[in-house]
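Visitor: My questions are about this predicted structure, shown below with the sequence.
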Amino acid sequence: MKLGEIPVKTEKGRLEMRDRTDALSAVQRRLLILADGKRSVNELGAFVRAGELDAALAYLADFGYVTALGEPVALLPPAGPGYAAQEGSRPPRPATSPEEFEQVRAEASQFIRQRLGDAADPICAAVERSANPQELRQVLRGVQVFVGQRLDAAVTLSFARHFGAKLL
């Protein structure tokens, strides 16, 4: 499937969701769940790690779990490497806009500094070096583990959900 196309579950995909066989990997299953006829391939890229999207969607399409719905949506060029292409009809978000990304990056750094104090300096430096949403997602995965070792599980879960949702 190509950027801008909107995947939707086929009958086989709906049966897979209902029956939950072991035919799909975790990434393929996640994408099948998200193939709701509303999100474009471009948007689905935020839900998987770099390099996983194309192969997983190709498998789902090749084996008849998903198909493209209608015409591809129009996409604006990406703001730069590591940014997703923005759909023309949607407002900017951190994954597509450098300005929105800057705000999320500053918020993540502030969150970490408030909770870890002086121990946060090297982590905040890594967050602040992140040049785009893709890099920040990778850094925040490591930060989540580090924060989880020092704070309670509820705070760690809150951190992961809050910033993960912002970078979609």
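Guide: Received it, and whenever you're ready, just let me know what you need. Numbers count the residues shown, from 1 in each chain.

Visitor: only C-alpha atoms for contact and neighbour calcs from this point on.
Guide: OK.

Visitor: quick one: the helices in the chain?
Guide: For the chain, the helices defined by DSSP state H cover 11-19, 26-34, 41-44, 53-62, 98-116, 121-129, 133-150, 153-166.

Visitor: Contact partners for the most centrally placed residue in the chain?
Guide: For the chain, the residue lying nearest the average C-alpha position, counting by Cα atoms, centre = their mean, turns out to be residue 46 (2.3 Å). Applying Cα atoms under 8 Å, 6 or more residues apart in numbering to residue 46 gives the contacts 95, 167-168.

Visitor: make it 10 Å
Guide: 53, 83-84, 95, 133-134, 137, 164-165, 167-168 (Cα atoms under 10 Å, 6 or more residues apart in numbering).

Visitor: Distance-wise, check it relative to residue 24.
Guide: 19 Å (Cα to Cα, to the nearest Å).

Visitor: Number of residues surrounding the nearest residue to residue 73 once chain neighbours are set aside?
Guide: Closest residue to residue 73 apart from its sequence neighbours, by Cα to Cα, 6 or more residues apart in numbering: residue 4 at 4.8 Å. By other Cα atoms under 10 Å, the residues close to residue 4 number 20.

Visitor: Just the pLDDT for residue 4.
Guide: Looking at residue 4, its pLDDT stands at 86.
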